[in-house]
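Visitor: 3D, please:
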Amino acid sequence: MTARNTSVGDTLLDRVRTGLELTRAQKVQLVFHLSLPAIMAQLSTIVMDYIDACMVGSMGANASAAIGLVASCIWLVGSLCGAVASGFSVQVAHLVGAADNFSARSVLRQSLVVTLGVGVALALVGCAISPYLPGWLGGSAEIVEDAATYFFIFCLALPVLQVNWLCSAMLRCSGDMRVPSILNVLMCVLDVVFNFFLIFPSRSVSLFGQSFTLPGAGLGVTGAALGTVLAEVVVALLMFYALCSRSEVMRLNHEKGNFRPTSSVVKRAVHIGMPIGIEHFVMCSAHVASTVVIAPLGPAAIAANAFGIIIESLCYMPGYGIGDAATTLIGQSLGAKRKELCGSFARLSVALGIVVMSVLAVVMYVFVPDLMVLMSPDEVVRQLTVDALRIEAFAEPMFAASIVAYGVFVGAGDTFFPCTLNLASIWVIRIPLAVWLVGVMGLSGFWLAMCIELCLRGVLFLLRMFFGNWMGAAHKVAAGIRPES
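Guide: Next up is the predicted model:
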């Protein structure tokens with residue numbers, strides 16, 4: 001976490017900000033420079049989440065069920081916090097691109113106050129409803145206490161977690177993808193380490209003929225919650241230090257400034273972040289509806305669907321990394337008033353996303369039976385998963401188009417249309433089609449419905465990118481980008 005990185009990628013970003021031309025090879029290099037750290041961070045998160053799930057699962061079905069019961073609500077709260085952070089970080093991307101670092105730091109100061117306030121408000125609401133939430137979700141008596149405790153601990157840490165998400169987004173949008181990616185990897189490692197000592201009781205271990213005692217708190221589900229929260233708190237402190245004290249562009253310790261939120265900055269944050277927040281809120285309910293559609297098919301189908309989501313995430317994870325890079329590149333290009341470069345980066349990023357995810361789709365199609373041998377001993381579950389993922393493989397190119405194009409539009413501050421399109425696509429196409437096809441084809445029908453919906457969504461995103469006025473919408477956002485002092 002040095003004060004100044006002088007890598008090739010940073011030099012290329014400087015060319016974007018200062019109006020210098022870039023060759024096609026340099027543009028490709030810049031996209032990969034910003035994408036790879038984010039991809040590696042997401043890969044480590046997926047792997048560590050899987051390890052984390054295995055550690056909790058070793059405590060028995062009730063422990064896994066308690067955490068799984070509130071998982072969608074935790075995802076929902078985290079998504080809302082991320083939407084709040086996006087409302088400010090996109091403004092910073094525009095300002096850094098315009099070489100107005102002073103105004104970018106002004107937005108950062110104001111965002112710290114606003115997001116911390118949002119985090120406190122969400123924490124109070126979450127802690128207040130935590131005793132009742134498992135019952136509202138239909139949890140059985142043997143898991144509701146653990147589920148309530150897990151959600152309560154998560155909500156208690158929300159103010160710190162909100163700052164962590166904000167600082168990570170600010171670093172990325174200012175052009176620093178490396179530090180937040182490294183710290184997110186560290187968070188996953190710390191999560192596993194803390195869980196190891198907090199979940200399990202003290203036990204004797206034999207190694208190379210020697211026996212010794214490993215200390216452990218034996219807190220079970222409570223230990224899992226504490227381990228995750230402690231890892232996130234440590235990384236939040238490091239992320240804040242990296243942003244506010246070490247970042248060449250964003251550090252605040254070398255100048256005085258006003259932390260008072262201003263109406264202009266807050267209004268732009270609401271304009272950018274609210275559609276994202278609404279989208280996440282409604283999409284969470286869509287995931288609940290999907291579960292309701294699949295649940296009557298039985299435990300094997302539910303397990304196969306869960307395994308399918310884990311394996312497919314390895315396929316689409318690079319798309320989200322490239323999408324994060326596109327958000328930064330589009331935001332800074334528009335801030336530098338380089339409309340032609342903005343369009344070039346948009347097309348290049350989407351094309352790269354489609355190519356990468358298409359290759360991974362082929363790999364997934366060929367090797368998914370081998371992966372399932374490692375993940376499940378149940379032949380029925382394995383076959384259901386293989387059938388589902390081989391259907392989904394055909395959707396990955398257009399899924400890539402929608403993921404990366406979404407990142408392009410967010411970087412431009414044009415969030416209303418893509419959020420609306422995502423919601424309409426899922427609720428108007430996927431869910432009704434899934435209800436019909438599941439009755440005809442079982443679990444494969446659900447994944448076929450998802451495949452059809454993702455293909456149509458990708459086509460619509462491409463039409464918006466090539467023929468829509470998303471850059472015109474961005475100019476309206478950028479027109480008043482200077483915050484009040």
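Visitor: low-confidence ranges in the stretch 1-150 of the chain?
Guide: 1-20, 37-38, 40-66, 68-69, 72, 137-140 (pLDDT under 70).
Visitor: which stretches in it count as strands?
Guide: Counting by DSSP state E, counting those that start in this stretch, one finds no strands in the stretch 1-150 of the chain.
Visitor: next, the buried residues of stretch 93-113.
Guide: 93-98, 100-101, 103-112 (16 or more other CB atoms under 10 Å). The C-beta positions use only the backbone N, C-alpha and C, and glycine is treated the same way.
Visitor: hmm, I was thinking of stretch 244-254
Guide: Applying 16+ other CB under 10 Å to stretch 244-254 flags 244, 246-247, 249-252 as buried.
Visitor: out of those residues, who's nearest Val355?
Guide: Using CB to CB, Val249 is the member of the buried residues of stretch 244-254 that sits closest to Val355, with 31.2 Å.
Visitor: could you list every residue that touches that closest one?
Guide: For Val249, the contact set (CB atoms under 8 Å, 6 or more residues apart in numbering) comprises 96, 101, 104, 174-176.
Visitor: check Val266 and give its pLDDT.
Guide: Note for Val266: predicted pLDDT of 87.
Visitor: hmm, I was thinking of Gly442
Guide: We have a pLDDT of 90 for Gly442.
Visitor: so it sits right up against Leu297, yeah?
Guide: Yes - Gly442 lies in contact with Leu297 (CB atoms under 8 Å); the separation is 6.0 Å.
Visitor: show me the helices in the stretch 151-300 of the chain, by range?
Guide: Ranges of helices within the stretch 151-300 of the chain are 158-173, 178-198, 221-241, 263-294, 299-335, based on DSSP state H, counting those that start in this stretch.
Visitor: contacts for stretch 352-368, please.
Guide: Residues from elsewhere that reach stretch 352-368, judged by CB under 8 Å, 6+ apart: 28, 31-32, 35, 311-312, 314-316, 318-319, 322-323, 385-386, 389-390, 393-394, 396-397, 399-401, 403-404.
Visitor: in terms of pLDDT, where does the closest residue in space to Cys342 that isn't next to it in sequence sit?
Guide: Excluding the flanking residues, the one nearest Cys342 by CB to CB, 6 or more residues apart in numbering is Ser333, at 4.0 Å. pLDDT, Ser333: 78.
Visitor: what strand or helix carries the nearest residue to Arg430 once chain neighbours are set aside?
Guide: Distances taken as CB to CB, 6+ apart place Glu453 nearest to Arg430, at 3.9 Å, with adjacent residues excluded. Assessed by DSSP states H and E, Glu453 sits inside helix 443-467.
Visitor: near the spatially closest residue to Phe416 that is not a sequence neighbour, how many other residues are there?
Guide: Counting by CB to CB, 6+ apart, Phe416 lies nearest to Pro275, which is 4.6 Å off, once chain neighbours are set aside. Pro275: 23 surrounding residues under other CB atoms under 10 Å.
Visitor: and Pro275, how close does it get to Gln332?
Guide: Going from Pro275 to Gln332 by CB to CB, to the nearest Å gives 21 Å.
Visitor: now swap in Gly445 and tell me
Guide: 44 Å.
Visitor: also Met170?
Guide: 13 Å.
Visitor: those two: which is more packed in?
Guide: Met170 (31 against 28).
Visitor: hang on, the earlier thing: make a markdown table from the helices of the stretch 151-300 of the chain and add distance to Gly126 to it.
Guide: Below are the helices of the stretch 151-300 of the chain laid out as a markdown table (distance: least, CB to CB, whole Å):
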| stretch | distance to Gly126 |
| --- | --- |
| helix 158-173 | 7 |
| helix 178-198 | 20 |
| helix 221-241 | 13 |
| helix 263-294 | 15 |
| helix 299-335 | 25 |
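Visitor: looking at those, which is buried most?
Guide: Greatest average neighbour count among the helices of the stretch 151-300 of the chain goes to helix 158-173 (a mean of 26), per mean count of other CB atoms under 10 Å.
Visitor: next one: it to chain centre, how far?
Guide: Offset of helix 158-173 from its chain centre (CA atoms, centre = their mean, to the nearest Å): 12 Å.
Visitor: now do the same contact list for the closest residue to Cys173 other than its chain neighbours.
Guide: Closest residue in space to Cys173, ignoring its immediate chain neighbours: Ala93 at 3.9 Å, by CB to CB, 6+ apart. Residues near Ala93 by CB under 8 Å, 6+ apart: 173-174, 327-328, 330-332, 335, 411.
Visitor: switch the cut-off to 7 Å
Guide: 173, 327-328, 331-332, 335, 411 (CB atoms under 7 Å, 6 or more residues apart in numbering).
Visitor: can you add distance to Met187 and give these back as TSV?
Guide: Shown next, in TSV, are those (distance: CB to CB, whole Å):
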residue	distance to Met187
Cys173	19
Thr327	21
Thr328	21
Gly331	25
Gln332	26
Gly335	30
Gly411	25
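Visitor: biggest separation within those residues, which pair?
Guide: The most widely separated members of the contacts of Ala93, counting by CB to CB, are Thr327 and Gly335 (12.4 Å).
Visitor: all helices of the stretch 351-485 of the chain, in order?
Guide: Using DSSP H, counting those that start in this stretch, the helices of the stretch 351-485 of the chain run over residues 379-392, 396-411, 416-424, 431-441, 443-467, 470-479.
Visitor: okay, those, which one's buried deepest?
Guide: Highest mean neighbour count among these (mean count of other CB under 10 Å): helix 396-411, with a mean of 27.
Visitor: please enumerate residues in contact with that one?
Guide: Contacts to helix 396-411, defined as CB under 7 Å, 6+ apart, come from residues 86, 90, 93, 315-316, 319-320, 322-324, 326-331, 346, 349-350, 353-354, 357-358, 360-361, 415, 417-418, 454-455, 457-459, 461-462, 465, 470.
Visitor: count of neighbours near Arg260?
Guide: Per other CB under 10 Å, the neighbour tally for Arg260 reads 10.
Visitor: okay, the buried residues of stretch 244-254 in TSV with pLDDT and distance to Val144 next?
Guide: Output for those, formatted as TSV (pLDDT from 0 to 100; distance: CB to CB, whole Å):
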residue	pLDDT	distance to Val144
Cys244	88	41
Arg246	86	44
Ser247	84	44
Val249	82	47
Met250	85	43
Arg251	86	46
Leu252	84	44
